[in-house]
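S.K.: Structure for the following, please:
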Amino acid sequence: MEDEEELERADADDECDDDDDAADDSSSAQEAIDDEDEEPRLKYKRLGGSVPSLLSSDTASCISVAERMIALGTHGGRVHLLDYQGNQVKEFAAHTATVNELSFDSAGEFVGSCSDDGSVVVSSLYTDSHEKFHYHRPMKAVALDPDYCKTNRFAGGGLAGHLILNSKGWFGPKDQVLHSGEGPIHAVKWRTSLIAWANDEGVKLFDTASQQRLTFIEKPKNSPDAEYLRPHLVWQDDVHLLVGWGNCIKIAALRVRGADLPGGLNSETFSFGKRFNLLPGTKYVEIVSVLQTEYFICGLAPYGGALVVLAYIEREGSKTESATGYSPKQTGHAQRPEVCILNWKNEELATDALSMHGYEHYKAKDYELAHAPFSGSSTAGGQWAAGYEPLYYIVSPKDVVVARQRDADDHVQWLLKHGWHEKALEAVEAGNARVELLDEVGAQYLDHLILGREYALAASLCPKILRGSVEAWESRRVFHFGQLRQLHVLAPYIPVVNPQLRDTVYEVVLDRLLVNPAHHEQFLELVRSWPQHIYSVPTIISAAEIQCSTGGKTPFLLEALAILYLSQRQLENVLNLYLELQKPAAFDIIEEHHLYDALHGNIALLMKLDSKRAIDLLVQQRDRISASEVVSSLENLPQEQSRRRLLHDYLHTLFERDTNAGRKYHDLQVELYAEFEPRLLLPFLRSSQYYSLNKAYDVCTRLNLAREKVYLLGQMGNAKEALALIINELKSMQAAVEFVTSRNDDDLWNELINQSLHNPDMIGALLDHTVGNIDPMQVINRIPKDMPVPRLRDRLVKVITDYKTETSLRGGCNNILKADRRDLQLKRYSSSRTAVVAGKSPCCICSDLLASQRVAVVTFFCGHFYHVTCLQDSSVATSPGRSPGSDEEQSERCILCTEGSHKKQQQQQSNKPQAANGSATSITSTPNANFLG
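M.R.: As a prediction, this is how the structure comes out:
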């Protein structure tokens with residue numbers, strides 16, 4: 001417990017007993033950070049569970065973190081699988097010497113380990129499967145393929161100096177040497193298809209997809225030997241590789257030639273290393289940042305857009321030069337390791353010193369840093385998105401410390417201490433802080449905003465801060481804002497449910513908004529959105545009516561008053577307000593509630609709102625609202641052009657629905673049609689009988705409407721004048737012929753011929769219309785001999801051809817009629833020669849057998865039989881005054897057949913036109929009666 005307390009206050013002082021100066025330096029650095037009022041980024045805690053007991057008998061050598069599990073390697077050659085609380089889940093006795101490195105695949109199903117015993121072991125986390133590979137020299141690094149469960153590949157290396165890619169072949173595992181000859185392999189990391197490794201010369205990248213080496217990153221100068229401090233490789237994402245070596249950090253970015261630079265970087269960033277392929281689309285690497293530190297780097301990890309660095313600080317005078325650089329001495333006590341957060345510009349954001357167990361005796365190579373994989377994103381200031389927590393594991397031989405973000409309560413209290421109420425409230429709302437903090441932080445923040453007269457912001461925060469507290473709303477905020485005359489600011493945020501306040505609260509708010517016309521729009525919005533059961537509607541209506549009567553009437557107030565009237569079913573008041581406001585909803589309320597009687601006196605406003613809908617409505621309700629009332633209202637409109645147009649539209653629609661409804665205005669309609677829609681005037685003249693012909697003719701003459709004048713002249717009996725108008729103005733022979741034909745007057749034909757003789761074109765056109773109308777010779781004989789008629793020969797040929805065609809058709813029709821007559825006569829003659837057998841047939845009238853009565857029997861060749869008495873008594877076949885045995889008996893016809901024949905004949909006459917040269921002939925096959933004694 002003492003150790004955990006030391007870790008949590010690790011930034012307070014230094015506990016090194018042998019070097020007080022170093023402790024003073026550390027305290028001074030922490031005081032400088034506190035002076036800058038920078039919030040600490042991380043808090044620390046030792047990993048508990050099984051870890052203390054495991055390290056009591058062994059020492060930790062390496063660590064790797066997967067999404068659901070932690071692997072801890074020891075100097076005793078064991079691999080312990082732990083959960084995130086440090087409880088041991090599984091243990092492998094994988095090696096006989098120090099475990100140098102551990103690696104998970106991306107799925108977290110396999111873990112690979114390498115050891116100084118020269119072996120690599122790949123173990124399944126969920127089965128007992130273990131695969132061991134021997135390489136006879138100490139193996140310092142191993143990395144599983146992220147897709148190991150599919151590919152069964154790993155890369156590794158060690159003191160032999162070979163980078164080996166192990167994969168499955170047809171005959172078992174096979175090793176492929178990717179690189180050798182540059183000293184031992186110190187680190188290997190695999191991401192997607194890229195393998196990064198470090199040897200004595202530097203760092204190289206190999207792309208397994210293209211089977212090409214991509215780059216070489218040179219080892220920083222004066223770096224310690226790997227024997228004392230290993231290089232550290234960390235893939236931040238798929239394109240950024242972090243390289244920590246000695247006291248230098250290099251950030252390498254993967255590029256594709258010809259593609260846009262990812263991450264917002266530009267082509268001006270500098271680069272190191274060799275590029276092996278310059279073709280477009282090939283990959284290469286650029287160094288986008290180089291950070292030089294004053295301490296040795298024992299581990300690297302990403303921290304959003306920054307870096308977490310595990311720092312080892314050398315004491316002055318503890319370095320000795322070597323052939324390859326320098327190495328630390330073995331004497332003296334070491335300082336505490338530090339966790340530093342740096343951005344890519346090498347600016348230090350935070351620093352914490354850690355009191356690890358036995359840190360005085362450890363060297364840089366004894367520490368290691370690993371981070372938990374996460375998919376969260378960071379924001380400015382290092383605050384992580386909710387639901388994602390970055391975890392960092394600092395390992396020393398006898399200790400495992402977990403670094404994580406400070407919790408929400410710590411963050412909120414720190415913000416309140418510095419007066420940052422808004423940020424404190426945002427932090428409380430974001431997540432895991434205690435609920436009680438919201439009331440405390442919220443109350444302080446609202447008071448702070450009101451004192452600063454930031455009323456709008458304070459009002460907007462009330463729903464989040466006050467939540468469901470009725471007392472807090474009513475006693476602390478609503479009336480407080482009312483005293484400050486700021487209720488209009490708070491009104492949109494006042495709750496109407498959960499909680500619902502007292503009705504007087506809502507009435508006070510609405511009344512305050514009514515008083516000031518500038519707030520009427522907001523009053524309307526509240527009337528629309530607030531349920532009407534939470535306040536007294538009659539009270540608000542009275543207040544609004546008083547406001548309107550005192551001159552404070554605005555469109556917003558009128559619309560709100562209409563909504564309130566509607567809730568009280570005062571429909572006529574609603575309609576009047578809607579018409580005053582020119583709201584289209586007026587039509588809806590009229591139709592929905594049948595307020596047709598309320599339209600009297602409001603016709604002009606209704607027309608102004610929407611003339612088309614108004615006209616349709618008025619015409620539909622013409623029984624309630626007479627045409628006289630509508631016309632009178634429209635005639636009082638101020639603008640003449642608009643007035644006459646509305647009159648025309650209304651009367652036209654009325655005439656289409658009912659031709660007699662507006663007959664007293666048909667003279668006016670003639671003028672309106674001629675003015676606005678002349679094309680509809682002629683159909684109107686033909687349909688109506690309630691206008692003055694003379695007035696209509698004067699209108700058409702004034703506007704020079706020739707066709708309408710022709711019709712009117714014809715109606716007035718001036719057929720010759722109408723014909724002259726057609727010929728002289730319309731110049732249409734077809735119209736002239738139609739007009740003359742409709743009159744059925746031979747004098748008009750002569751008049752047409754006479755008026756056409758002076759114009760060769762008219763004569764030619766007349767010849768085109770003679771067939772079927774008049775004898776062509778009447779026109780041909782009267783053509784002057786010296787008049788050149790255009791296309792005379794062609795027209796005569798057409799006349800002769802059409803005449804022959806007509807004659808042929810008439811002859812054919814006559815032949816057909818004669819043939820039909822002959823066939824029917826033969827059919828009648830044949831039927832009359834057929835014998836008729838009475839037998840035991842019944843009478844078709846009384847249905848008794850013919851022999852049942854001693855009377856004469858009448859039989860027809862159609863097969864029907866009657867008693868003569870029944871036939872005489874029938875009202876259909878017998879006329880009054882007839883007597884049996886008379887000559888008329890011989891001409892009797894069958895009642896049944898005669899009725900059917902008459903019905904059929906009437907139907908044929910109604911459906912078929914008459915023949916060209918006379919009426920149609922109907923022949924019945926019903927035979928005359930024969931009398932059987």
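S.K.: Can you point out the buried residues in stretch 54-62?
M.R.: 54, 55, 58, 59, 60, 61, 62 (16 or more other CB atoms under 10 Å). All C-beta atoms are positioned from the backbone trio N, CA, C, and that covers glycine.
S.K.: Please pull up the helix or strand immediately following the strand or helix carrying the first one.
M.R.: Pointing back at residue 54 there. Taking DSSP states H and E as the definition, residue 54 sits inside helix 51-56. Next along the chain after helix 51-56, taking DSSP H and E as the criterion, comes strand 60-65.
S.K.: Distance to residue 220 added to the buried residues of stretch 54-62, as JSON lines?
M.R.: Listed next are those as JSON lines, based on distance: CB to CB, whole Å:
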{"residue": "54", "distance to residue 220": "36"}
{"residue": "55", "distance to residue 220": "33"}
{"residue": "58", "distance to residue 220": "34"}
{"residue": "59", "distance to residue 220": "29"}
{"residue": "60", "distance to residue 220": "27"}
{"residue": "61", "distance to residue 220": "25"}
{"residue": "62", "distance to residue 220": "23"}
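S.K.: Nearest to residue 40 among the residues you listed?
M.R.: Distance to residue 40, by CB to CB, is smallest for residue 60 among these, at 26.0 Å.
S.K.: Any idea what the closest residue to the closest one other than its chain neighbours is bridged to?
M.R.: Leaving aside its sequence neighbours, residue 60 sits nearest to residue 395 (CB to CB, 6 or more residues apart in numbering; 5.1 Å). For residue 395, the beta-bridge partners are residue 368, residue 400 (DSSP bridges).
S.K.: ok, residue 395 - contacts?
M.R.: By CB atoms under 8 Å, 6 or more residues apart in numbering, residue 395 lies in contact with 60, 62, 63, 72, 367, 368, 369, 370, 401.
S.K.: any idea how far it is from residue 105?
M.R.: To residue 105, residue 395 is 21 Å away according to CB to CB, to the nearest Å.
S.K.: Could you count how many residues lie near residue 456?
M.R.: 12 (other CB atoms under 10 Å).
S.K.: Can you classify it by secondary structure?
M.R.: For residue 456, the secondary-structure state derived from DSSP: H, G, I helix; E, B strand; the rest coil is helix.
S.K.: If you count contacts, what does whichever helix in the chain runs longest end up packed against?
M.R.: For the chain, the longest helix by residue count, based on DSSP state H, is helix 792-832. For helix 792-832, the contact count by 3 or more CB pairs under 8 Å, 6 or more residues apart in numbering; DSSP states H and E identifies helix 760-768, helix 776-780 as packing neighbours.
S.K.: can you tell me the average pLDDT over the last one?
M.R.: If I follow you right, that is helix 776-780. For helix 776-780, mean pLDDT is 68.
S.K.: do the first one as well
M.R.: With pLDDT averaged residue by residue, helix 760-768 scores 67.
S.K.: Could you do stretch 148-161 as well?
M.R.: pLDDT averaged over stretch 148-161 gives 94.
S.K.: how long is it end to end?
M.R.: End-to-end distance of stretch 148-161 (CA to CA, to the nearest Å): 24 Å.
S.K.: Quick one: residues in contact with the helix or strand hosting residue 426.
M.R.: Per DSSP H and E, residue 426 falls inside helix 421-430. Contacts with helix 421-430, where a contact means CB under 8 Å, 6+ apart, come from 386, 408, 411-412, 415-416, 433, 437-438, 441-442, 444-445, 448, 461, 464-465.
S.K.: Return the members of those residues classed as buried.
M.R.: Buried by 16+ other CB under 10 Å: 408, 411-412, 415-416, 433, 437-438, 441-442, 444-445, 461, 465, out of the contacts of helix 421-430.
S.K.: What's the first helix or strand after the helix holding residue 426?
M.R.: The element immediately downstream of helix 421-430 (helix or strand, assigned by DSSP H and E) is helix 436-451.
S.K.: Figure out how far that following helix is from the centre of its chain.
M.R.: Centroid separation between helix 436-451 and its chain, computed with CA atoms, centre = their mean, to the nearest Å, is 40 Å.
S.K.: Report the mean confidence score over that helix.
M.R.: For helix 436-451, mean pLDDT rounds to 82.
S.K.: Does anything pack onto it? Which helices or strands?
M.R.: helix 408-417, helix 421-430, helix 455-466.
S.K.: Centre-most residue in the protein?
M.R.: Nearest to the mean C-alpha position of the chain, by CA atoms, centre = their mean, lies residue 529 at 25.6 Å.
S.K.: Disregarding flanking residues, what is the spatial nearest neighbour of that one?
M.R.: Leaving aside its chain neighbours, residue 529 sits nearest to residue 496 (8.0 Å; criterion: CB to CB, 6+ apart).
S.K.: ok, now how distant is the one you found from residue 240?
M.R.: From residue 496 to residue 240 the distance is 52 Å (CB to CB).
S.K.: which one of the two has more residues nearby?
M.R.: For residue 496 versus residue 240, neighbours defined as other CB under 10 Å are more numerous around residue 240 (19 against 15).
S.K.: Contacts only, for that one.
M.R.: 251, 252, 253, 254, 263, 288.
S.K.: thinking again about what came up before, of the contacts of residue 395, closest to residue 135?
M.R.: Closest to residue 135, out of all of the contacts of residue 395 and judged by CB to CB, is residue 62, at 17.9 Å.
S.K.: Just give the nearest non-adjacent residue to the closest one, would you?
M.R.: Among residues not flanking residue 62 along the chain, residue 73 sits closest, at 4.3 Å (CB to CB, 6+ apart).
S.K.: what do you get for residue 94?
M.R.: residue 121 (4.2 Å).
S.K.: what about the strands in the stretch 801-933 of the chain?
M.R.: According to DSSP state E, counting those that start in this stretch, the stretch 801-933 of the chain carries its strands in the segments 857-860, 865-867, 929-932.
S.K.: and those strands, which one's lowest on average pLDDT?
M.R.: Minimum mean pLDDT among the strands of the stretch 801-933 of the chain: strand 929-932, a mean of 51.
S.K.: following the helix or strand of the chain with the lowest mean pLDDT, which helix or strand shows up next?
M.R.: Ranking every helix and strand in the chain by mean pLDDT, DSSP states H and E puts helix 20-35 at the bottom, with a mean of 37. Using DSSP H and E, the helix or strand that follows helix 20-35 in sequence is strand 42-46.
S.K.: Does that following strand pack against any helices or strands, and if so which?
M.R.: Using 3+ CB pairs under 8 Å, 6+ apart: strand 42-46 touches helix 2-8, strand 338-343, strand 348-353, strand 399-405.
S.K.: Including mean pLDDT and distance to residue 708, could those go into CSV?
M.R.: Formatted as CSV, these follow (pLDDT from 0 to 100; distance: least, CB to CB, whole Å):
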stretch, mean pLDDT, distance to residue 708
helix 2-8, 44, 105
strand 338-343, 92, 90
strand 348-353, 89, 93
strand 399-405, 90, 92
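S.K.: Return the most buried member of those.
M.R.: Per residue and on average, the most neighbours among these fall to strand 399-405, with a mean of 22 (mean count of other CB atoms under 10 Å).
S.K.: What is it packed up against?
M.R.: With contacts taken as 3+ CB pairs under 8 Å, 6+ apart, strand 399-405 sits against strand 42-46, helix 51-56, strand 60-65, strand 391-396.
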